[in-house]
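J.: here is my input, please return the structure:
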Amino acid sequence: MAPAYSLTSKSNDGSTLQVDFVRVGDRFEQTVTRLDREGNSVAIWRDLHDSDSDDWPASPPIQELSLEEIGGKNVLLGVGRAGKSHWSVSIETAETDSGPAIRFDFACRCPEPPQWLGTTYKIESGVPEDATTGHALQATCAEDATLTRIAPGQIKIEPLAHPPKWPGTVRWRYTIH
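T.: Residues are numbered from 1 along each chain as shown. Model (predicted):
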């Protein structure tokens, strides 16, 4: 199935990092792929999703996406909802010291304290289990998020802080490189 939306970050050494979004049911599922200079997949992370009826899904339920040009570069902007909560995201390419990167900035407006918020990734089989430590793909969290290994081949990135009162907005940011 061809992706509905993609962003690609290329480095000077020829390596590429790409995020693809494919519509599955009522939402988009995300795949982050690192390609070597020859275009071969080196690492693949897929976000995990629960049932469409889950109020607190394993990954943000993005239902609408648009590709916009902001400041001369392509940015993906998305929104979605589950239960009584509303999610938003902006995704942009970047270049870091370690090569190509993609930055994610999620937020969720919640009427009450959430049971769970964050993004959950499955590291595809065939990719080294230590991919989160920098060998294939690495996620670096901003000061408002944390990364945890939850099972072999799975990580979660979740917000560190919640607002002092509800309703409120919770934000988490990270960069995959």
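
J.: in the helix or strand of the chain with the lowest mean pLDDT, what counts as buried?
T.: Across the helices and strands of the chain, mean confidence by mean pLDDT, DSSP states H and E is lowest for strand 41-47: a mean of 88. For strand 41-47, burial by neighbour count (16 or more other CB atoms under 10 Å) applies to 42-47. Backbone N, C-alpha and C define where each C-beta goes, glycine included.

J.: make a markdown table from those and add distance to Asp54 to it.
T.: As requested, the buried residues of strand 41-47 are exported to a markdown table (distance: CB to CB, whole Å):
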| residue | distance to Asp54 |
| --- | --- |
| Val42 | 32 |
| Ala43 | 27 |
| Ile44 | 24 |
| Trp45 | 21 |
| Arg46 | 17 |
| Asp47 | 14 |
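
J.: what helix or strand is Val19 on?
T.: Element membership of Val19 [criterion: DSSP states H and E] is strand 16-24.

J.: quick one: buried residues of the next helix or strand after that strand?
T.: Using DSSP H and E, the helix or strand that follows strand 16-24 in sequence is strand 27-35. Buried residues in strand 27-35, counted by 16+ other CB under 10 Å: 27-35.
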